[in-house]
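Trainee: Sequence and predicted structure are below.
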Amino acid sequence: MRRTAAEGRGPVRYGPPAPEPGLPALPELTAVLAAAADRSAPEPPGGGEPVREAARGYWERRGLSAGPDRVAAAPGAPALLLALLGAYGGDVLMPRPCPAWWTPQVRLLGRRAYHVPTPAECGGVPDPYALLETVRRVRAEGGDPRLVMLSVADDPTATVAPPEVLREACEAAVSEGLHLLSDETWRDTLHRPQETVLFSPAEMCPEQVTVLTDLGGSLLPPGWPAALARFPGTPQGARLRARTLDRLTATGAFLAAPVAAAAAHALTEPEAVASRARRAATLHGHVATALHAALLRAGALARPPQAGRHLYADLTPLRPGLARHGIGDAMELEDHLGTRLGTPTPGGQRFGDDLGAPRVRLATGPLLGATEEERLAALAAPDPLAVPHVARALSTFGSVLAELE
């Protein structure tokens, strides 16, 4: 994480980045980007026809109809979320914990963000009963809740919401007249896709759900910012898209033409792109599973990781050992592990979680190697955990945990 001693932990610009893949850009995508480098004009607001048509195909392959007139593209998920929040208005409810970049966007617009506990089975989705109670309390206090944000394949918990849990949460939100914004950035990073059932809220409540996805989740390098929104096929959805485009225009949030070309190509999922995404998800799944096992051996708690390039650990059972190292909360745990591991380990307070609970998000990318060659070797290995530099990184992680027991 980017931080200075003078400014400390608070500013958003020193917050944690999304878990990165730790892999170099795919040569096929680099070639597409380079071929479009002479296109100096930006894309129109919401993206040009090629990228929106490619998005239509992408979503239709996942069971969601989406004509180009129901899609908006922007240079990254934060810019797109800011426009969406401006279009919807009102206060926002979100699970606790939630992605670190959600809450600052809400507060930047002067709105209120309310965090709702998640069910025992998963993160990313508010508990339906807690959601109903929070909505009633907020309204009684004069608030104006209009939007519920959720992530079925979740950052930071790396869990996937079971269909029955997701349906209950969606039905609770709709019963209170709330719209749902589903962040599906990590849906294509399932570690074991044949064993994990993932539904989009848009399949359950098609008229009340807008889908948001950051292509940096699985299709593009994080440094090529591109994100998409899919709006409901209703008059309200059309109005929301129009208002979103107004805000993208006002803020100058237009896709760069070369990135749009690469995004359109990636969204068609040619074999090289699809294969890299599958292999990367499998690789990160192996490393996340090994981290999870090490945490359990040390006595810590963590839900089994199912998606993404991270997992979320609760070190509450290790409090006596933490206390010996002067660690009393998530912020101190973040500092300690970040120093010992030499890589960012953001504490739960950055995800809207309780500061007093010693929880952290651990990323798998830094364990793949320090150089491009080492990371590609891990990607190509039949057993990445047996690759020497990966094995050393996991051993170091285990040793650091052992110090806290």
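Mentor: Cool, got the structure.

Trainee: Show the residue spans covered by the helices in this protein.
Mentor: 27-35, 49-60, 77-88, 102-108, 128-140, 163-175, 201-204, 235-250, 257-267, 271-298, 319-324, 330-341, 372-380, 388-403 (DSSP state H).

Trainee: between the fifth one and helix 163-175, how many degrees?
Mentor: To tie it back to what came earlier, the one meant is helix 128-140. Put simply, helix 128-140 runs at 20 degrees to helix 163-175, going by axes from the mean of the first three to the mean of the last three CA atoms, to 10 degrees.

Trainee: Check what contacts helix 128-140 and list those residues.
Mentor: 91, 93, 112, 114, 116-117, 126, 145, 148, 168-169, 171-173, 175-176, 178 (CB atoms under 8 Å, 6 or more residues apart in numbering). Using the backbone N, CA and C atoms, a C-beta is placed for each residue, glycine as well.

Trainee: any idea how far Leu267 is from the nearest residue to Glu184 once chain neighbours are set aside?
Mentor: Nearest non-adjacent residue to Glu184, counting by CB to CB, 6 or more residues apart in numbering: Thr213, 4.8 Å away. Applying CB to CB, to the nearest Å, the value for Thr213 to Leu267 is 10 Å.

Trainee: Look at the residue nearest to the spatial centre of the chain and report its pLDDT.
Mentor: The structure's the chain has its C-alpha centroid closest to Asp155; by CA atoms, centre = their mean the separation is 4.5 Å. With respect to pLDDT, Asp155 has a value of 96.

Trainee: Check the one 3 residues further on too.
Mentor: Per-residue confidence for Ala158 comes out at a pLDDT of 98.

Trainee: Test my guess that it contacts Ala313.
Mentor: No - using CB atoms under 8 Å as the test, Ala158 is too far from Ala313 to be in contact (10.3 Å).

Trainee: more crowded one of those two?
Mentor: Shown here are Ala158 and Ala313; by other CB atoms under 10 Å, Ala158 has more neighbours (32 against 28).

Trainee: what about that one, distance to Ala281?
Mentor: 12 Å.

Trainee: Find the residues that touch each one of those two.
Mentor: Ala307.

Trainee: Need the nearest residue in space to Ala73, chain neighbours excluded.
Mentor: In space, and not counting its chain neighbours, Ala73 is closest to Gly47: 2.9 Å by CB to CB, 6+ apart.

Trainee: mind listing what that neighbour touches?
Mentor: Ala55, Val71, Ala72, Ala73, Ala74, Leu228, Leu255, Ala260.

Trainee: neighbour-wise, which of these leads?
Mentor: Ala74 (31 neighbours).

Trainee: Most remote residue from the middle of the protein, which is it?
Mentor: The chain, CA atoms, centre = their mean, max distance from centroid: Arg324 (33.7 Å).

Trainee: how close does that residue get to Leu401?
Mentor: Taken as CB to CB, the span from Arg324 to Leu401 is 14 Å.

Trainee: Run through the residues that contact the nearest residue to Glu60 once chain neighbours are set aside.
Mentor: Closest residue in space to Glu60, ignoring its immediate chain neighbours: Ala66 at 6.7 Å, by CB to CB, 6+ apart. Ala66 sits next to Ala55, Arg56, Trp59, Glu60, Arg230 when contact means CB under 8 Å, 6+ apart.

Trainee: again, only using 10 Å
Mentor: 52, 55-60, 202, 211, 228-233 (CB atoms under 10 Å, 6 or more residues apart in numbering).

Trainee: What of Ala72?
Mentor: 45-47, 52, 55, 80, 83-84, 87, 210, 212, 227-231, 240-242, 244-245, 248, 253.

Trainee: which among those end up buried?
Mentor: The neighbour-count test (16 or more other CB atoms under 10 Å) marks 45-47, 52, 55, 80, 83-84, 87, 210, 212, 227-231, 240-241, 244-245, 248, 253 as buried among the contacts of Ala72.

Trainee: right, and the residue nearest to the centre of the chain touches Phe351 too?
Mentor: Yes - the pair Asp155 / Phe351 is scored as a contact, 8.2 Å apart, by CB atoms under 10 Å.

Trainee: intersection of neighbour lists for these two?
Mentor: By CB under 10 Å, 6+ apart, the residues touching both Asp155 and Phe351 are Pro16, Pro97, Cys98, Pro99, Ala100, Trp101, Trp102, Gly123, Tyr312, Arg361.

Trainee: so how far is Ala74 from the residue nearest to Pro68 when sequence neighbours are not counted?
Mentor: Leaving aside its chain neighbours, Pro68 sits nearest to Arg52 (3.9 Å; criterion: CB to CB, 6+ apart). For Arg52, the distance to Ala74 equals 12 Å [CB to CB].

Trainee: what do these two both touch?
Mentor: Common neighbours of Arg52 and Ala74 (criterion: CB under 10 Å, 6+ apart): Glu43, Gly46, Leu228.
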